[in-house]
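[1] Output the structure for:
(chains A and B)
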Protein chains: 2
Amino acid sequence: MSNDPLVVFTPSGKRGRFPTGTPVLTAARQLGVDLDSVCGGRGICSKCQITPSYGDFAKHGVSVADDALSEWNKVEQRYKDKRGLIDGRRLGCQAKIEKDVVIDVPPESQVHKQVVRKRAEARDITLNPSVRLVYVEVEEPDMHKPTGDLERLCEALDKQWQIKDVNCDLHVIQTLQPVLRKGGWNVTVALHQGDANQPPRIMHIWPGYYDGTIYGLAVDLGSTTIAAHLCDLKSGEVVASSGIMNPQIRFGEDLMSRVSYSMMNKGGDKEMTRAVQEGMNALFAQISAEAEIDPSLIMDAVFVCNPVMHHLFIGIDPFELGQAPFALATSNALTLKAHDLNLDLHPAARVYLLPCIAGHVGADAAAVALSEAPDKSDDLVLVVDVGTNAEILLGNKDRVLACSSPTGPAFEGAQISSGQRAAPGAIERVEINPETKEPRFRVIGSEIWSDQPGFGESIATTGISGICGSGIIEVIAEMRLAGLLDASGLIGSAAQTGSARCVPEGRTHAYLLWDGTAEGGPRITVTNPDIRAIQMAKAALYSGARLLMDKIGVETVDRVVLAGAFGAHISAKHAMVLGMIPDCPLDKVTSAGNAAGTGARIALLNIDARREIEATVRQIEKIETAVEPRFQEHFVNASAIPNATEPYPILKTVVRLPDVSFNAGGGDADTSGGRRRRRRG
Amino acid sequence: MSNDPLVVFTPSGKRGRFPTGTPVLTAARQLGVDLDSVCGGRGICSKCQITPSYGDFAKHGVSVADDALSEWNKVEQRYKDKRGLIDGRRLGCQAKIEKDVVIDVPPESQVHKQVVRKRAEARDITLNPSVRLVYVEVEEPDMHKPTGDLERLCEALDKQWQIKDVNCDLHVIQTLQPVLRKGGWNVTVALHQGDANQPPRIMHIWPGYYDGTIYGLAVDLGSTTIAAHLCDLKSGEVVASSGIMNPQIRFGEDLMSRVSYSMMNKGGDKEMTRAVQEGMNALFAQISAEAEIDPSLIMDAVFVCNPVMHHLFIGIDPFELGQAPFALATSNALTLKAHDLNLDLHPAARVYLLPCIAGHVGADAAAVALSEAPDKSDDLVLVVDVGTNAEILLGNKDRVLACSSPTGPAFEGAQISSGQRAAPGAIERVEINPETKEPRFRVIGSEIWSDQPGFGESIATTGISGICGSGIIEVIAEMRLAGLLDASGLIGSAAQTGSARCVPEGRTHAYLLWDGTAEGGPRITVTNPDIRAIQMAKAALYSGARLLMDKIGVETVDRVVLAGAFGAHISAKHAMVLGMIPDCPLDKVTSAGNAAGTGARIALLNIDARREIEATVRQIEKIETAVEPRFQEHFVNASAIPNATEPYPILKTVVRLPDVSFNAGGGDADTSGGRRRRRRG
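    Below you'll find the model as predicted:
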């Protein structure tokens, strides 16, 4: 056994013996310990800070003397004086091993730091972005060895960092010479780690040691809104978030109207491409201003979006996505130059688009899969991302299925008589007293319920303007729970329900939620057509989920994750009363918030996650609802609103539904069907 | 031994046994016989034409029956009716092997055709361009298997051509869908074979089978002129050649004045970059018009140029090339997108720049090395490319050295009292009668000597305007041979020489070559300062060559190759009389014409040649004349014009020099030195 000192690194537990005088950084590298360094051990960057521990470490079999490391040196003192160093910390490149020692690598000194996610059930993100910074000392030119400056820079990357076969963007070659000379032949290089099939690539060089950071964008490109997170690629932190309306809205509210626009107008696709790219630039300028950074420091960007947005964003006419067989121009993940998409970021910035799962299940669904990882779940999880289309994933470690279901815009408040987008003034929460049948509600922008003191003042600026998607779901579910609505979705008359709020409207009835006409405001009712629209939407969502359950051969799922902004606001109880989602214990229904945006952020911060989701998407089984006869069957059967007289083992423990049924006018309410009548797949 | 029929291919001699019914193309592929096919055996492209031979082939051990191949079929008949097929030819994909057979693959059916070069000593070029065309049948989209169109195209390339891991340019992705549908899911793909480190890349797709060709450019970017050859990448033929003046001339005649322009004028380098890129586009438009092709069919371009032109062309400030240590920004070969250099070619066209050898020895010298291949020569060859700088290569199979020598513009007619560029009206050939000392000459634009009948009429339109580079060399050498000039370069007086054409001029004399003043034309003389300028230039050239000879340790070379337009026009005899090049039997001095341009064409037509010259350049030993004391020493000693009284073993057999010496005025002519006084290196 060697007499060399033993070094034990924590938290990794990696250990080895090294000759006296070996720098801690060198030992860490040889053992594969995750200890950061940008300057390569020159005492400049301070990324390699470590904390030696002294005393007896029985569990490591080491007793550490006070002089286990070399003495505190000038470089460390200079660094401490200039920038500060926590007491007890040493620079790994300066401190040399003298005797047995235990060395802790604090989280901020790890290259592959963990970026902690807030949700308890979510995995943390391991930091490993596509762009890294390295500091190199380049050999000066010599007439006797006339290689180019670039070749000597590449040689330095190879010798000092073992980074080989590096390519270089033209704009870097164009400005290389003055930068090298300004830095006295020392430069910091921003290096793209390389995509599948591609060698690493020099994106930027700074003279000397670049002390700043570089940034990346995680962008969720929706049909209605575009939201971006600006992330520090060195810490993984979100430094600013911002959003704008998708400027394509002027060409059509929903996806299909935009596809139509491009079909009807020659060059319409190019107009829309230009619009969204310009919108992106406005958003990036806004978020950069907010974070007070130069947009040219943004070197990477990850985009998630549905297939139509995907194609329009990168300049493909979405024509084929408007008709069967809904063929994507390309389904694999793409790495493009931001410049080729006319984005005003760093000139060498790259753009990564997650793979599309199918013609109707886009990179946004892939991002949800990356964030929620059904493929890593032990129990069977149903993930639904509700928007104009619902993307549905069902699976576990063994198998994941995906489909898309055309829910239409009702869940977003469109096609609803008093519907509106989720914005200040919109009713978002509703409760109806089952005895009095009287409602109370809350409005976006106020925390006070409508029957509480101070409500009037709290909505003084916003007023009450309509009902948003989550509000309409709650009010319909509450109407059903209060016995105002039968299983077929028919609203009872005042006589039938005993509530004066049930007012005649055409051949059916409506429920009066709020009458603001006295103050010049709107009269907000829930009409029977509103309920029909929601029934269609929820039936589509439910049928998609059921179809996947059929394919797997199950009657229930273990848990449900609601993704998307909508999923974040609807109440699980009301969604289940309505029959939007399959039965599941209420405490097993969680909201993932903007899971697509989170997926984008994961892919931005960790390139291994890109390879991972690319592999996952190849494995996901794609189900096309349009050609599945069972989807139509489920759809027809799923329009009813669950009836408590039918067996309802799980939900029954949560809420009790009164057994009501109304037959109004000539409308034959179909209570014989309903979503209970499932067949096994 | 198998009973399967034996197939022998000529000219390769490859042979094998194949089951009855095997298509000839399949057999050829399995044997690795070089038989072309674009359509992959579908009877569309007719590239796989072969000629079966019948009868006894003792040397192959085969007797071929008339029915050795399957019967002429409909596909072949249809092809013959439509496009014609030489009698006796069959389509290799249609004709099936029935019995023993000998099959000839005609040159035009070979993928790697030989492109024959005119010069006897030059190697032929093997055709293997960077871009190839392949025809594929793509699977139609299917809702049950929702991969993108691009992914199915890549799958087809893999399955049908074994081409894997293909990348695709964004502009192709953007237009892929309509092209695939227009072609009924059959398309022809232009595929970039991939550079070092890079996967193959789809550059273009055509619907169906594309019957046309694609083009490439070989461009010699000189300080004064830009010359381009447009080549058919399928046949290797030059279909058009054209040239323009380098528009950078307005910023300075020679390289150093352009470097100065960029030093003195902020943004001057960018102005010059724009000028040369715009000039390129004008040239490309001109050459495309001449060949009557669409410039967007030009998919590849190879550029050769000196380092300053190289840097200015790709947008690098040449500042560093204007001062020691003459550091190149990059010396390796570059593959760039034509689009990034603002060139109006195919949107995915690539640009290849040969590697630079050193700060003063550019990609043009590398191209000369590729064309003249000193590294493959058995005997010791000296290659000189004469321009404002002379690039000099010396070597053989064992070792190649390179240097650059600052000859200045005298060889191009500049700094000469009656000098001019090689253009109509310039005196290019001169003879002086040693008895009468009277001259006769020829002028560019006329084949008639000045003392022959009809000379006057033949130059009626051009007149006689001056002397070009080759003319000045000839006249000075002839003056020396006629005893009008001593070894130091001094012109004798009329009294000394016995010629009235030796007229006083300042403190020395001049030789009157032509007096056109009577007709209002110029009076053309050769003055002593003219001779001094040529002496300086030739001394620089000679000293560079000698320096390399010293390094190798030789006193003579086996042969000399004169490259460049200048090298094509000067007479070897006169060059040697002047002492421009080292001694060598006159029949071992050849002209390579525009060897740099030829090197560009080789690199364009054969990507293996690119790898080859990249490796060669890494091996070439670079000698920097500016820091070699022996260069100065040689230079001082090399200004004399060889004197026949000194030993001159080789040249003496060719021409005899009279022993004359003039001491005129105060000018001490140095006849004690001269180029004989070499030391061994």
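
[2] For the stretch 401-550 of chain A, which segments count as helices?
    A:455-458, A:469-481, A:494-497, A:528-552 (DSSP state H, counting those that start in this stretch).

[3] Including mean pLDDT, could those go into TSV?
    Below are the helices of the stretch 401-550 of chain A laid out as TSV (pLDDT from 0 to 100):
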stretch	mean pLDDT
helix A:455-458	92
helix A:469-481	91
helix A:494-497	90
helix A:528-552	93
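
[4] Residue A:154: neighbour count?
    Residue A:154 is flanked by 24 other residues according to other Cβ atoms under 10 Å in any protein chain shown. Using the backbone N, CA and C atoms, a C-beta is placed for each residue, glycine as well.

[5] Excluding sequence neighbours, find me the nearest residue to it.
    residue A:166 (5.0 Å; Cβ to Cβ, 6 or more residues apart in numbering or on different chains).

[6] so the one you found touches residue A:199, yeah?
    Yes. Between residue A:166 and residue A:199 there is a contact under Cβ atoms under 8 Å: 6.5 Å.

[7] how about the nearest residue to the closest residue to chain B within the stretch 451-600 of chain A, chain neighbours excluded?
    In the stretch 451-600 of chain A, the residue that lies nearest chain B is residue A:551 (12.5 Å; Cβ to the nearest Cβ). With sequence-adjacent residues excluded and distances taken as Cβ to Cβ, 6+ apart, residue A:551 is closest to residue A:401, at 5.6 Å.

[8] got it, and residue A:252?
    Of all residues not flanking residue A:252 in the chain, residue A:258 sits nearest, at 4.2 Å (Cβ to Cβ, 6+ apart).

[9] ok, and what's touching whatever helix or strand the one you found lives in?
    Using DSSP states H and E, residue A:258 maps to helix A:255-264. Applying Cβ atoms under 8 Å, 6 or more residues apart in numbering or on different chains, the external contacts of helix A:255-264 come out as A:223, A:248, A:251-252, A:268-269, A:272, A:306, A:308-309, A:312, A:317-319, A:321-322, A:388-389.

[10] Could you list the alpha-carbon positions for it in PDB?
    This file holds the C-alpha atoms of helix A:255-264, laid out as PDB (Å, rounded to 0.1, in the frame of the first residue of the first chain):
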ATOM      1  CA  LEU A 255     -54.500  27.000 -34.800                       C
ATOM      2  CA  MET A 256     -56.800  25.900 -37.500                       C
ATOM      3  CA  SER A 257     -57.800  29.400 -38.500                       C
ATOM      4  CA  ARG A 258     -54.100  30.200 -38.900                       C
ATOM      5  CA  VAL A 259     -53.600  27.100 -41.100                       C
ATOM      6  CA  SER A 260     -56.600  28.300 -43.100                       C
ATOM      7  CA  TYR A 261     -55.100  31.800 -43.400                       C
ATOM      8  CA  SER A 262     -52.000  30.300 -45.000                       C
ATOM      9  CA  MET A 263     -54.200  28.200 -47.300                       C
ATOM     10  CA  MET A 264     -56.300  31.100 -48.400                       C
END
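
[11] Return the set of buried residues in that helix.
    By 16 or more other Cβ atoms under 10 Å in any protein chain shown, the buried positions in helix A:255-264 come out as A:255-256, A:258-259, A:261-262.

[12] gap between it and the chain center?
    Once both centres are worked out by Cα atoms, centre = their mean, to the nearest Å, helix A:255-264 turns out to sit 27 Å from its chain's centre.

[13] what's the following helix or strand after that helix?
    In the C-terminal direction from helix A:255-264 (assignment by DSSP H and E), the next one is helix A:268-291.

[14] what comes into contact with that next one?
    Residues contacting helix A:268-291 (Cβ under 8 Å, 6+ apart): A:215, A:217, A:219, A:221, A:226, A:228, A:230, A:239-244, A:246-248, A:250-251, A:258, A:261-262, A:265, A:294-295, A:298, A:309, A:312-319, A:341-345.

[15] now, which of the residues you listed lie within helices?
    If you go by DSSP state H, the contacts of helix A:268-291 have A:258, A:261-262, A:309, A:312-314 in helices.

[16] and residue A:552, what is it in contact with?
    Contacts for residue A:552 (Cβ under 8 Å, 6+ apart) come out as A:380, A:394-395, A:399, A:401, A:681.

[17] Recalculate using a threshold of 10 Å.
    Listed by Cβ atoms under 10 Å, 6 or more residues apart in numbering or on different chains, the contact partners of residue A:552 are A:380, A:394-396, A:398-401, A:621, A:681.

[18] most neighbours, which of these?
    Within the contacts of residue A:552, residue A:394 tops the neighbour count with 29 neighbours, counted by other Cβ under 10 Å.

[19] Nearest spatial neighbour of it, chain-adjacent residues omitted?
    The shortest distance from residue A:394 to any non-neighbouring residue, by Cβ to Cβ, 6+ apart, is to residue A:548 (4.0 Å).

[20] Close to chain B: what parts of the stretch 101-250 of chain A are there?
    Neighbours of chain B within the stretch 101-250 of chain A, by Cβ under 10 Å from any Cβ of the partner chain: A:140-154, A:164-178, A:180-181, A:194-200.

[21] nearest to chain B, of the buried residues of helix A:255-264?
    residue A:262 (12.3 Å).

[22] ok, for residue A:414, nearest residue in space, not its chain neighbours?
    In space, residue A:414 is closest to residue A:253, 7.2 Å off (Cβ to Cβ, 6+ apart).

[23] Which of residue A:166 and residue A:199 has more residues huddled nearby?
    Between residue A:166 and residue A:199, residue A:166 has the larger neighbour count (other Cβ under 10 Å), namely 21 against 16.

[24] In this structure the more buried one contacts residue A:200, no?
    Yes. Counting by Cβ atoms under 10 Å, residue A:200 is a contact partner of residue A:166 at 5.1 Å.

[25] Please enumerate the shared neighbours of these two.
    Common neighbours of residue A:166 and residue A:200, counting by Cβ under 10 Å, 6+ apart, are A:157, A:189, A:191-192, A:194, B:197.

[26] among the residues you listed, which are in strands?
    Among the shared contacts of residue A:166 and residue A:200, the members falling in strands (DSSP state E) are A:189, A:191-192.

[27] can I get those residues in a markdown table with distance to residue A:439, neighbour count and pLDDT?
    Output for these, formatted as a markdown table (distance: Cβ to Cβ, whole Å; neighbours: other Cβ atoms under 10 Å in any protein chain shown; pLDDT from 0 to 100):
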| residue | distance to residue A:439 | neighbour count | pLDDT |
| --- | --- | --- | --- |
| A:189 | 63 | 27 | 97 |
| A:191 | 60 | 22 | 96 |
| A:192 | 57 | 26 | 94 |
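
[28] Return the closest of those with respect to residue A:484.
    Looking at those and their distance to residue A:484, the nearest is residue A:192, at 60.1 Å (Cβ to Cβ).

[29] Not counting its neighbours along the chain, what's nearest the closest one?
    Leaving out its chain neighbours, the residue that sits closest to residue A:192 by Cβ to Cβ, 6+ apart is residue A:201, at 4.4 Å.

[30] and the residue of the stretch 551-681 of chain A found nearest chain B, how many neighbours?
    As assessed by Cβ to the nearest Cβ, chain B sits closest to residue A:624 within the stretch 551-681 of chain A, at 4.3 Å. Residue A:624 has 21 neighbours, counted by other Cβ under 10 Å.

[31] Show the contacting residues for the residue lying closest to it once chain neighbours are set aside.
    In space, and not counting its chain neighbours, residue A:624 is closest to residue B:143: 4.3 Å by Cβ to Cβ, 6+ apart. Contacts for residue B:143 (Cβ under 10 Å, 6+ apart) come out as A:324-327, A:358-360, A:622-628.
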